[in-house]
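Undergrad: 3D model of this:
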Amino acid sequence: MKGLNHNTFPGFVVGLGLVIYLVLIVLSIFYFKERIGTLDNAFQTFLLITENNITIMADRWPAVIIRIVPWILTTIGAPLIIIMIGFSISYILFQLTIFLLLAITLREPVLAVLQILVLLLACSDGFYWCNSEQIQGISIVILSFGFLRQSDLKINFKNIILMVFLFFALLYYHPILVFPIGYLFCYSTIEKLKPDLRMLGFALVFVIAWYIKNQFFSNWYDIMKSDEFADNLELYVFNFWTLESISQFFGETWTKYHFIIPGGIVCIFVQLAQKKFLSALYTLFIASLYFFIVIIATPTIEYSFYTESNFYILILFFYYPILKHLNDHTLNSSTFKITVTAILLISIGRIISYSGNYQKRLDWISSTMEENQCNKIIVTEDLLDHEIRFQIWSLPYESLILGHQKGMNKSIHPLVNSFEDDYNENLFVTSFKTHEPGEINSAYFQFPEGPYCTLGENR
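TA: Model (predicted):
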């Protein structure tokens, strides 16, 4: 990178990264119930235990790496609490590994800092709803970029295999990753007005493969999302600024996203000050296009935690040009160290402050099971506290896990019309399927006995 010696190995970057990741590991242990006992991770934990294998969701096979540790712990019969803690830590260990590869193996301290900033600067709910493949995929984008940046990169069998693996991992992590890939791998060409054939070649081949995959080999989930986007685009393209998600984003600017807009302003200022006018225009165009697409894709404000991960990529767009122009002296300056440390500590404080939303969910599940005499409780959305962020499809798994920890052989179930005739005492009903007693791993969960009753019916 400009002004930065490729062999630079600033101890501050490595030290700061190790401290930040140590803090994140401690938080992932302290908040393991909030992270793993709720929503998608509760579902994954249930599948690991009851099926004793790792289920690939929506063809996103690279994401299974996070579940290897909890799967091993399940296989050896570890207690549920250890499985959940291992699951929670795995997310951090994955990101830590990417950081160490960037900082130590590839000697790319600026990209290592970028990875931490992308991971934390727009993160609040994302620390708890941490299963998004997008979050993992962004780090792989940065790692792939750093790998291809190596001036001494040799075309040999080992490097070809590694690059092919990273290529297909990115292709299957998440469709939205085409944006950070397109931005990063084309940036040097835009900035220098000189083709960087290695980067452009990767970006071009990736975009072609991405198009082919999404046109001819897409999975049911991506097809559903693509259809939703097409419908939303037709409905909202001319009244974009009136959408609820626009109001939500700007309303949360000072509570969740306070580093995005200032970062964008500083980014453009840095580029203009360096007379990188085309780069500034390029950044504005890509960031605006991306923002438009993610807002159209999620026009309502039903689940703020779900849309948050979409904005991590804006951090990459805005902070990469800033970091790119650092030289050795700036990277080791007191101003840089204080600034980076401060914004990361603020981000960690923000993450801690959002834990209450998920604790409230666990408290509601616990109190609901305690206050109802029957063991299998049916709930409908109109009976729920809407101040708590609910996706009620995951309640059976969350309640079974929490009930095990509290010694309560109970569960909570959403009312699913297609399974309406299956709510009998011999079946465990979820939003996706029904389970017989023998399908529930009795080494961890006891099948709740007795008939179903509606919430509040038998207190």
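
Undergrad: contacts and neighbour counts: CA atoms only from here.
TA: Noted.

Undergrad: quick one: contacts for residue 447?
TA: The contact partners of residue 447, taken as C-alpha atoms under 8 Å, 6 or more residues apart in numbering, are 409, 428, 437, 440.

Undergrad: report pLDDT for the nearest residue to the last one once chain neighbours are set aside.
TA: Nearest in space to residue 440, with sequence neighbours left out and distances taken as C-alpha to C-alpha, 6 or more residues apart in numbering, is residue 50 at 5.7 Å. We have a pLDDT of 89 for residue 50.

Undergrad: same check on residue 13?
TA: 88.

Undergrad: okay, and it sits in which element?
TA: helix 11-30 (DSSP states H and E).

Undergrad: what is that helix packed up against?
TA: With contacts taken as 3 or more C-alpha pairs under 8 Å, 6 or more residues apart in numbering; DSSP states H and E, helix 11-30 sits against helix 80-100, helix 109-120, helix 334-353.

Undergrad: which other residues reach the next helix or strand along the chain from the second one?
TA: Using DSSP H and E, the helix or strand that directly follows helix 109-120 along the chain is helix 133-148. Residues outside helix 133-148 that contact it (C-alpha under 8 Å, 6+ apart) are 60, 63, 95, 98, 101-102, 106, 108, 111, 115, 119, 153, 163, 166, 170, 173-174, 176-177, 180-181, 184-185, 198-199, 309-310, 312-313.

Undergrad: repeat that for stretch 433-444.
TA: Defining contact as C-alpha under 8 Å, 6+ apart, one finds that stretch 433-444 is touched by 49-50, 79-80, 404, 422, 426-429, 446-447.

Undergrad: mind listing which of the residues you listed are in strands?
TA: Judged by DSSP state E, strands contain the following of the contacts of stretch 433-444: 428-429.

Undergrad: you'd agree residue 301 is up against residue 248?
TA: Yes - the pair residue 301 / residue 248 is scored as a contact, 6.6 Å apart, by C-alpha atoms under 8 Å.

Undergrad: returning to that earlier point: neighbour-wise, which of the contacts of stretch 433-444 leads?
TA: Neighbour tally across these (other C-alpha atoms under 10 Å): the maximum, 26 neighbours, falls on residue 429.

Undergrad: separation between that residue and residue 357?
TA: Distance, residue 429 to residue 357, by C-alpha to C-alpha, to the nearest Å: 26 Å.

Undergrad: before we move on, what about residue 53?
TA: Applying C-alpha to C-alpha to residue 53 and residue 357 gives a distance of 30 Å.

Undergrad: re the thing from before, residues contacting the helix holding residue 13, please?
TA: 35, 85, 88-89, 92-93, 96, 99-100, 103-104, 109, 112-113, 116, 332, 337, 341, 344.

Undergrad: helices or strands up against whatever helix or strand comes next after that helix?
TA: Remark: after helix 11-30, the chain's next helix or strand is helix 32-36, criterion DSSP H and E. Based on contacts counted as 3+ C-alpha pairs under 8 Å, 6+ apart, the elements that helix 32-36 packs against are helix 39-51, helix 80-100, helix 355-371.

Undergrad: tell me which of those lies nearest to residue 382.
TA: helix 355-371 (15.0 Å; C-alpha to C-alpha).

Undergrad: which parts of the stretch 101-250 of the chain are strands?
TA: Along the stretch 101-250 of the chain, no segments are classed as strands by DSSP state E, counting those that start in this stretch.

Undergrad: one step back: any idea which of the contacts of residue 447 is closest to residue 230?
TA: When the contacts of residue 447 are compared against residue 230 (criterion: C-alpha to C-alpha), the nearest one is residue 428, at 36.6 Å.

Undergrad: how near is the residue lying closest to the closest one once chain neighbours are set aside to residue 334?
TA: Distances taken as C-alpha to C-alpha, 6+ apart place residue 435 nearest to residue 428, at 4.9 Å, with adjacent residues excluded. Separation of residue 435 from residue 334 (C-alpha to C-alpha): 59 Å.

Undergrad: could you check which of the two has the larger neighbour count?
TA: residue 435 (14 against 11).

Undergrad: how about low-confidence regions in the chain?
TA: Applying pLDDT under 70 to the chain flags residues 1-10, 302, 327-329, 385-390, 456-459.

Undergrad: looking at it, residue 110 is touching residue 322, isn't it?
TA: No - assessed by C-alpha under 8 Å, residue 110 is found out of contact with residue 322, at 10.0 Å.

Undergrad: can I get the helices and strands packed on helix 32-36 in TSV with distance to residue 270?
TA: Below are the helices and strands packed on helix 32-36 laid out as TSV (distance: least, C-alpha to C-alpha, whole Å):
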stretch	distance to residue 270
helix 39-51	40
helix 80-100	25
helix 355-371	35
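
Undergrad: to residue 453, which of the ones you listed lies closest?
TA: helix 355-371 (11.8 Å).

Undergrad: next SSE after that closest one?
TA: Counting by DSSP H and E, what follows helix 355-371 is strand 376-379.

Undergrad: what is the neighbour count of residue 162?
TA: Neighbours of residue 162 (other C-alpha under 10 Å): 12.

Undergrad: one more: residue 339?
TA: 11.

Undergrad: again with residue 114
TA: 21.

Undergrad: excluding sequence neighbours, find me the nearest residue to it.
TA: residue 320 (6.6 Å).

Undergrad: for the helix or strand harbouring that neighbour, list every residue counted as buried.
TA: Residue 320 is part of helix 312-324 when elements are defined by DSSP H and E. Buried residues in helix 312-324, counting neighbours by 16 or more other C-alpha atoms under 10 Å, are found at 312-323.

Undergrad: residue 73: what's it in contact with?
TA: Residue 73 neighbours (C-alpha under 8 Å, 6+ apart): 82-83, 86.

Undergrad: now swap in residue 380 and tell me
TA: 414-415.

Undergrad: next one: phi and psi at it?
TA: phi -120, psi 160 (degrees, to the nearest 10).

Undergrad: distance of it from residue 131?
TA: Distance, residue 380 to residue 131, by C-alpha to C-alpha: 25 Å.

Undergrad: same thing with residue 261?
TA: 26 Å.

Undergrad: residue 287 is in contact with residue 317, isn't it?
TA: Yes - the pair residue 287 / residue 317 is scored as a contact, 6.6 Å apart, by C-alpha under 8 Å.

Undergrad: next, count neighbours for residue 453.
TA: 20.

Undergrad: please name every helix or strand in contact with whichever strand or helix holds it.
TA: Here residue 453 sits within strand 452-454, counting by DSSP H and E. Helices and strands touching strand 452-454, by 3+ C-alpha pairs under 8 Å, 6+ apart, are strand 376-379.

Undergrad: what packs against the strand it packs on?
TA: strand 411-414, strand 452-454.

Undergrad: TSV for those, including distance to residue 146?
TA: Shown next, in TSV, are the helices and strands packed on strand 376-379 (distance: least, C-alpha to C-alpha, whole Å):
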stretch	distance to residue 146
strand 411-414	46
strand 452-454	55
